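Participant: Generate a structure from the sequence data that follows.
(one chain, ligands or ions: 2)
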Amino acid sequence: MTTDKNNATIKIAVFASGAGSNARKLIEHFNSTISSPLSKGIEVALVVSNKIDAGVLQIAAEFQIPTLIIEKEKFFRGNGYVDELKQSGIDFVVLAGFLWKIPSTLVQAYAGAMVNIHPALLPKYGGKGMYGNFVHEAVIANKEPESGITIHMVDEVFDNGAHLFQATCPVLADDTPATLAQRIHQLEHAHYPRVVEETIRKTGKA
Ligand SMILES: Nc1nc2c(c(=O)[nH]1)N[C@@H](CN(C=O)c1ccc(C(=O)N[C@@H](CCC(=O)O)C(=O)O)cc1)CN2
Ligand SMILES: NCC(=O)N[C@@H]1O[C@H](COP(=O)([O-])[O-])[C@@H](O)[C@H]1O
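Facilitator: Ligands and ions are numbered 1, 2, ... in the order given. Predicted coordinates:
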């Protein structure tokens, strides 16, 4: 079981702006439940969103996980909610469909302890404006034979951090952004929780 230097459980904050399917898989992977009582010494302790109506907040409520709604001005002009995260004992930050740029204050506070999943094979199809279906539309428009996912460390630049993992899937001739998104989601759900766990254990950041 992984614990930090004080033998405490390592606490993850998941940041999401949307439906939260990746957040659900992360919670199911880490948080002990009746069906999987084995504690990995890691738990999703907080769900953070910038959208009051985000589906991820319902998922947090379902698992009785505290939530934090962040406001734009405070996030970008304040200290990026670093104080709140540290006061919550957060050791590691996982972005899962979070659509704002993480400010330097927060990137630095969790240097080496913040990861993101991107629904394409970076470095292609990344950067400002490349999120959700915009990514899949561009991949299809360019007639790419394959797409996939990239899991990477987070730095101050969109989608620029060191790559931790990539997996590919075919792009079919009759794919729509929705059908490709579904195939990408399957890859994300299959790999993100494991890669997050491996990264936490490797970095010993917490
Ligand atoms: N400092 C960093 N912040 C974020 C990163 C990162 O690597 N470094 N990754 C993104 C996630 N992401 C792609 O994986 C991504 C998300 C959103 C955008 C984007 O263009 N957003 C729009 C705003 C959209 C909205 O508010 O609805 C924008 O910034 O204009 C690009 C890439 C998360 N943060
Ligand atoms: N560039 C960031 C980006 O596009 N992230 C993508 O948002 C989706 C969130 O789905 P979810 O809310 O169901 O987890 C995921 O496909 C993730 O890769």
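Participant: What's the mean pLDDT across the helix ranked longest in the chain?
Facilitator: Counting by DSSP state H, the longest helix found in the chain is helix 177-203. Helix 177-203 carries an average pLDDT of 97.
Participant: same check, this time on stretch 87-100
Facilitator: Here stretch 87-100 scores 98 as its mean pLDDT.
Participant: Report the backbone C-alpha coordinates of that stretch in CSV.
Facilitator: Output of stretch 87-100 as CSV, limited to C-alpha atoms (Å, rounded to 0.1, in the frame of the first residue of the first chain):
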residue,chain,number,x,y,z
GLN,A,87,-5.8,22.9,3.3
SER,A,88,-7.7,19.9,2.0
GLY,A,89,-4.5,17.8,2.1
ILE,A,90,-4.4,17.3,-1.6
ASP,A,91,-1.1,15.6,-2.7
PHE,A,92,-1.8,15.1,-6.4
VAL,A,93,-4.0,16.8,-9.1
VAL,A,94,-5.6,14.8,-12.0
LEU,A,95,-7.1,16.8,-14.9
ALA,A,96,-10.0,14.9,-16.5
GLY,A,97,-11.6,17.1,-19.1
PHE,A,98,-10.9,20.4,-17.3
LEU,A,99,-11.1,23.2,-19.8
TRP,A,100,-9.3,26.1,-18.2
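Participant: Briefly note if it comes near ligand 2.
Facilitator: Yes: where contact is defined by Cβ under 6 Å from any ligand atom, part of stretch 87-100 touches ligand 2, namely 96, 97. Where C-beta positions appear, they are placed from N, C-alpha and C, glycine not excepted.
Participant: And that stretch, what's buried?
Facilitator: Buried residues in stretch 87-100, counted by 16 or more other Cβ atoms under 10 Å: 90, 91, 92, 93, 94, 95, 96, 97, 98.
Participant: May I ask you to confirm that the last one belongs to a strand?
Facilitator: No: with DSSP: H, G, I helix; E, B strand; the rest coil as the criterion, residue 98 is assigned coil and is not in a strand.
Participant: Please tell me how far the residue lying closest to it once chain neighbours are set aside sits from residue 200.
Facilitator: Setting aside the residues directly before and after it, residue 98 is nearest to residue 15 in space (Cβ to Cβ, 6 or more residues apart in numbering), at 3.9 Å. Counting by Cβ to Cβ, to the nearest Å, the gap between residue 15 and residue 200 amounts to 16 Å.
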